[in-house]
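>>> Following is a predicted model, sequence given first.
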Amino acid sequence: MKSTNDKVLAWLKPSVFLLALIPLAGLVTGAFQDTLGANPIEKITHNTGYWTLTFLLITLSATPLRQLSGWLWPIRLRRMLGLFAFFYACLHFLTYLVLDQFFDWPAILKDIVKRPYITIGFTAFVLLIPLALTSSNAMIRKLGGTRWRLLHRLIYPIAIAGVIHYSWLVKKDLTQPLIFAALLTLLLAARLPRRRQACLKPD
Amino acid sequence: MKNRIADNIPASEITPRELFYDRRRFMQMAAGASAAALFAPQIFAGEKLPAGSSSAYGLTDKLTPLEDVTRYNNYYEFGTGKEDPAKQAGSLKTRPWTLSVEGEAHKPQTFDIDDLLKLAPMEERIYRLRCVEAWSMVVPWIGFPLAALLKKVEPTANAKFVEFTTLHDPEQMPGQKTSVLEWPYREGLRIDEAMHPLTLLTFGLYGEMLPKQNGAPLRIVIPWKYGFKSAKAIVKIRLLEQQPVTSWMKAGPSEYGFYANVNPDVDHPRWSQAKERRIGEFLKRPTLPFNGYADQVAPLYAGMDLSKYF
């Protein structure tokens, strides 16, 4: 017999998958219809960056949502959401590499070393790679639950680095980065009480 | 020979606006982008601004299309997004408008915009525009040298600097309701920079009066400096003995200096200034010292350490 959770997931998972592709579809159609504005490369860069951060935050909301609601499905969607964060991060990095710099390696290297917002953004991207590579069930088994969980806690510094990356690159108007920072703080803070409880409770 | 002829044709005559839009509309329809075609092109208020062209300031660079010049603007008075000004600048009233020229002058005066338009012969000048954010455009501006105006008020010997002040009215300029910059917007030049023939008091572009999002009814254009130096919707010009503090200097003293000359060798603290993306082009191009105007303006800064006076 299928549980309610499985029934929900049966339609929720493909729906979320399709929804998560909408930002990409928007960019692709925009590129073909020439509606990305006067500076399309800048728009694609900002857009893919925005969706990377958004998917990181959505991924981080799975645990608090499960705790608040008791539903199981948020956790079952978490891997896919995290992989979408990685997917948009790849697009973001490729946009920088190909469209923005066009493989100008010396300039890219200089950027990574000299520009703090690129240093931290690039670091966050690199740290995402092991998480994506170890996202399969086989890899979880291979690593063992404890080590796997420890490794995947990297998501916290990655998300923080992502928000700092955004705040360091804007010229003056910090509104958007601060919204991301506030949401991230909320999502991280939501994890604290449970930790404390766990510490207080003798096992 | 070809270039010489091209230099003498005002940009506004190369493709008549109506034809440009007809073609564009046709292409939009053909592409099935009917939604885009519904928006009638209301970029200009429709007032032509006739100007002679001066071949001395001709450029072989390809002009940035009018559509891009008027929809991609940094003008925080109408929002911090670059597409905000084109959407929000409609609330600005450009008539009546006066410009007060005051301070260290023997004949300080207030000019009506319609008198200013007749103060000196209008010229079309095709200038490169380099933004501090590392993108650039090529714009056919219309105006006359600021020097022509400053001479009318007869600066005193104490006039060492010039300060430009933009209109301050949050009702007309909704971006001023947030404190992203200190309002009103202030910019400044050294008097010799202000008197330089390249410094253009600007009233129009592409053959017509300035669109509101581009600084109507009058702005300054200083082509060898980053775009933020070129203040828009100016209501006051003060001649000063001391160097003024500009809005961007207050916003980020370590990032935005008083001079702000385009310089590929002096990076913005957070990004490189070595290259720029010309709007409409794919590959970045190298940024030129003084935005390509070094021959005309480099002597103004002889002996100065340009990494210190950035």
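Sure, I can see it.
>>> Could you pull up the contacting residues of the closest residue to residue B:49 other than its chain neighbours?
Leaving aside its chain neighbours, residue B:49 sits nearest to residue B:204 (3.7 Å; criterion: C-beta to C-beta, 6 or more residues apart in numbering or on different chains). C-betas here are computed from N, CA, C, even on glycine. Listed by C-beta atoms under 8 Å, 6 or more residues apart in numbering or on different chains, the contact partners of residue B:204 are B:49, B:51, B:122, B:141-143, B:210.
>>> Please repeat the previous calculation with a cut-off of 10 Å.
B:12, B:44, B:47-51, B:117, B:122, B:124, B:140-143, B:210-211, B:214, B:216-218 (C-beta atoms under 10 Å, 6 or more residues apart in numbering or on different chains).
>>> Over to the most centrally placed residue in chain A. Which of the three states is it?
Using C-alpha atoms, centre = their mean, the residue of chain A that lies closest to the mean C-alpha position is residue A:56, 2.7 Å off. Here residue A:56 is helix, with the state taken from DSSP: H, G, I helix; E, B strand; the rest coil.
>>> what about it, distance to residue A:68?
When distance is defined by C-beta to C-beta, to the nearest Å, residue A:56 is 19 Å away from residue A:68.
>>> Tell me, what's the model's pLDDT at residue B:28?
Residue B:28 is assigned a predicted lDDT (pLDDT) of 40.
>>> one step back: which among the contacts of residue B:204 end up buried?
B:12, B:44, B:49, B:51, B:117, B:122, B:124, B:140-143, B:210-211, B:214, B:216-218 (16 or more other C-beta atoms under 10 Å in any protein chain shown).
>>> Go through those residues and flag which are in strands.
Among those, DSSP state E puts B:124, B:140-143 in strands.
>>> Residue B:65 is in contact with residue A:38, isn't it?
Yes: if you go by C-beta atoms under 10 Å, residue B:65 and residue A:38 touch, sitting 8.5 Å apart.
>>> List the residues that are in contact with both of the two.
B:71, B:137, B:279-280.
>>> Which PyMOL command selects the buried ones in these?
Here is the PyMOL selection string for the buried members of the shared contacts of residue B:65 and residue A:38, based on 16+ other C-beta under 10 Å:
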select buried, chain B and resi 71+137+279
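>>> In strands only, show me the shared contacts of residue B:65 and residue A:38.
Among these, the members that lie in strands (by DSSP E) are residue B:137.
>>> now, which of the shared contacts of residue B:65 and residue A:38 sits nearest residue B:310?
Residue B:310 has its nearest neighbour among those in residue B:137, at 22.3 Å by C-beta to C-beta.
>>> List the contacts of residue B:306.
By C-beta under 10 Å, 6+ apart, residue B:306 lies in contact with B:257, B:259, B:261, B:263, B:265-266, B:289-290, B:298.
>>> For ChimeraX, what selects the buried ones among those?
Selecting only the buried entries of those in ChimeraX, with 16+ other C-beta under 10 Å as the criterion:
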select /B:257,259,261,263,266,289,290
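>>> Quick one: name the residues of the stretch 101-250 of chain B near chain A.
B:132-135, B:137, B:175, B:178, B:180-181, B:228, B:248 (C-beta under 10 Å from any C-beta of the partner chain).
>>> Name the member of those residues with the most neighbours.
Neighbour tally across those (other C-beta atoms under 10 Å in any protein chain shown): the maximum, 24 neighbours, falls on residue B:248.
>>> hey, C-alpha coordinates of stretch B:197-217 in CSV?
Output for stretch B:197-217, consisting of C-alpha atoms alone and laid out as CSV, is shown next (Å, rounded to 0.1, in the frame of the first residue of the first chain):
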residue,chain,number,x,y,z
PRO,B,197,35.9,72.2,-25.4
LEU,B,198,34.9,68.5,-25.0
THR,B,199,32.7,69.2,-22.0
LEU,B,200,29.3,69.4,-23.5
LEU,B,201,26.2,71.0,-22.0
THR,B,202,23.8,68.6,-23.5
PHE,B,203,20.1,69.0,-24.6
GLY,B,204,19.5,66.3,-27.0
LEU,B,205,20.5,63.0,-28.6
TYR,B,206,19.8,61.3,-31.9
GLY,B,207,18.4,64.5,-33.4
GLU,B,208,15.8,65.2,-30.8
MET,B,209,15.4,66.7,-27.3
LEU,B,210,16.8,64.4,-24.5
PRO,B,211,14.5,61.7,-23.4
LYS,B,212,13.7,62.0,-19.7
GLN,B,213,15.6,58.9,-18.7
ASN,B,214,18.7,60.4,-20.4
GLY,B,215,18.8,63.5,-18.3
ALA,B,216,16.2,65.9,-19.8
PRO,B,217,16.0,68.8,-20.1
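>>> buried set for that stretch?
Neighbour counts over stretch B:197-217 (16+ other C-beta under 10 Å) mark B:198-217 as buried.
>>> what mean pLDDT does it have?
97.
>>> Tell me the pLDDT of residue 80.
All of this is about chain A. At residue A:80, pLDDT is 97.
>>> ah, I was thinking of chain B
96.
>>> gap between it and residue B:181?
9 Å.
>>> any idea where the helices of the stretch 51-200 of chain B begin and end?
With DSSP state H, counting those that start in this stretch as the criterion, the stretch 51-200 of chain B has helices at B:66-69, B:84-88, B:113-116, B:146-153, B:191-194.
>>> Let me have the ones you listed in TSV, adding mean neighbour count as columns.
Converted to TSV, the helices of the stretch 51-200 of chain B look like this (neighbours: other C-beta atoms under 10 Å in any protein chain shown):
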stretch	mean neighbour count
helix B:66-69	20
helix B:84-88	20
helix B:113-116	15
helix B:146-153	18
helix B:191-194	19
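>>> Tabulate these (CSV), appending mean pLDDT.
Shown next, in CSV, are the helices of the stretch 51-200 of chain B (pLDDT from 0 to 100):
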stretch, mean pLDDT
helix B:66-69, 96
helix B:84-88, 97
helix B:113-116, 97
helix B:146-153, 98
helix B:191-194, 98
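>>> So which of those helices is nearest residue B:96?
helix B:113-116 (7.4 Å).
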